[in-house]
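**Student:** Fold the following for me, if possible:
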Amino acid sequence: MQSLNCDIVSSEHWVEHDGIKLYVFEKCQEDSFRKPIVVLAHGSATAGKESFDLQVPGKPSYSLMDFLANEGFDVFALDIRGFGRSTHPDGHITTADASEDLNAAVDYVLKIKNAEKINLLGWSWGTQYGGMFIMNHPEKVLKYVSYAQMHVDSADLAKRRPKIETFRKNLYVNIPEAGWKGRFYSMTPAEVNDPDIVDNYAKAATHVEFRTPTGPQLDMVTIMPMVNPRLLSIPTMIIHGEHDDVADVEGLLPFFKQIPNAYKRYAIIPDAGHMMHLQKGHRLFQHEIVGFLKDAVEVEITVRDGAM
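**Tutor:** Below you'll find the model as predicted:
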């Protein structure tokens, strides 16, 4: 792993489609020409920048965006409609909507970078709309990392099902600062978490998420499964923490076995739960995903340059 010592620059972008404005945040080294691209798809509660670029004084390793930028990637994180700075529609946001938002953001990134493909990392609910996007547009994605993917029998989804009527009646909910901390500790030992990281994440989430959409929750408790593994034709990694209350071997190994591409990996990270990129196991998580993505980078550049 590289130390966080490179000059990282950030940019803000706006993508418009179907009357929706999407916020897209970018980080890369100063010279981003022809760098491999990673797009990060957030989960059902927090926007992209706050999910993947947590800045805590004295603890720089917790920003996944900074880590990937230092490893030579051009990194983008979008806010799906209803989240963060993007348009908040007056209606339930569906996973299909999110998939279309991701597609619009990817098309924008490919255009401004004059690129042919991106790498995609989807976290939690992001594995659902990210998976749907890949099913419909496999030609746009080089490699896919499915991080903390839920399944029909996920323990956390079982807890959400009794709230189905609340999700139906309320388009958005307000989450207080203390409410953002629970996901760090669900089925996860306290020693896996750094209280300073938990507090900073909760503050960052509260600052940007004044109201959080319930549509993703409604989809997850009513229309799972949303992704057909047989249609994930690209190289895929499934990765989750050992204490994750959403992802587990019993539910995901059958899914993994059905992925048709022979180049695939399944990784379980110790000292980690659902918030793995912000927990004790985050460095091993980073090591695993960057190794997987860099394999793809080397293959893609070699083929594109005509060296094979």
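
**Student:** quick one: the strands in this protein?
**Tutor:** For the chain, applying DSSP state E gives strands covering 8-17, 20-29, 37-41, 74-78, 118-123, 141-147, 172-173, 212-213, 236-241, 264-269.

**Student:** can you redo those strands as TSV with mean pLDDT?
**Tutor:** Converted to TSV, the strands of the chain look like this (pLDDT from 0 to 100):
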stretch	mean pLDDT
strand 8-17	96
strand 20-29	97
strand 37-41	98
strand 74-78	98
strand 118-123	98
strand 141-147	98
strand 172-173	96
strand 212-213	96
strand 236-241	98
strand 264-269	98
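
**Student:** As JSON lines, those with distance to residue 194 would be great.
**Tutor:** (C-beta placed from N, C-alpha, C; glycine too.) Output for the strands of the chain, formatted as JSON lines (distance: least, C-beta to C-beta, whole Å):
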{"stretch": "strand 8-17", "distance to residue 194": "22"}
{"stretch": "strand 20-29", "distance to residue 194": "22"}
{"stretch": "strand 37-41", "distance to residue 194": "21"}
{"stretch": "strand 74-78", "distance to residue 194": "22"}
{"stretch": "strand 118-123", "distance to residue 194": "19"}
{"stretch": "strand 141-147", "distance to residue 194": "19"}
{"stretch": "strand 172-173", "distance to residue 194": "27"}
{"stretch": "strand 212-213", "distance to residue 194": "24"}
{"stretch": "strand 236-241", "distance to residue 194": "15"}
{"stretch": "strand 264-269", "distance to residue 194": "16"}
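
**Student:** With residue 279 as the reference, name the closest of these.
**Tutor:** strand 236-241 (7.0 Å; C-beta to C-beta).

**Student:** picking that back up, kindly reformat the strands of the chain as JSON lines containing mean neighbour count and distance to residue 135.
**Tutor:** JSON lines is the format used below for these (neighbours: other C-beta atoms under 10 Å; distance: least, C-beta to C-beta, whole Å):
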{"stretch": "strand 8-17", "mean neighbour count": "13", "distance to residue 135": "19"}
{"stretch": "strand 20-29", "mean neighbour count": "22", "distance to residue 135": "21"}
{"stretch": "strand 37-41", "mean neighbour count": "28", "distance to residue 135": "14"}
{"stretch": "strand 74-78", "mean neighbour count": "27", "distance to residue 135": "19"}
{"stretch": "strand 118-123", "mean neighbour count": "26", "distance to residue 135": "12"}
{"stretch": "strand 141-147", "mean neighbour count": "26", "distance to residue 135": "10"}
{"stretch": "strand 172-173", "mean neighbour count": "16", "distance to residue 135": "28"}
{"stretch": "strand 212-213", "mean neighbour count": "24", "distance to residue 135": "23"}
{"stretch": "strand 236-241", "mean neighbour count": "25", "distance to residue 135": "12"}
{"stretch": "strand 264-269", "mean neighbour count": "19", "distance to residue 135": "16"}
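
**Student:** Looking at those, which is nearest to residue 60?
**Tutor:** Per C-beta to C-beta, nearest to residue 60 of the strands of the chain: strand 8-17, 10.1 Å.

**Student:** Summarise which helices and strands that closest one is packed against.
**Tutor:** strand 20-29, helix 64-70, helix 95-112 (3 or more C-beta pairs under 8 Å, 6 or more residues apart in numbering; DSSP states H and E).

**Student:** and it with strand 20-29, angle?
**Tutor:** Here strand 8-17 runs at an angle of 160 degrees relative to strand 20-29 (axes from the mean of the first three to the mean of the last three C-alpha atoms, to 10 degrees).
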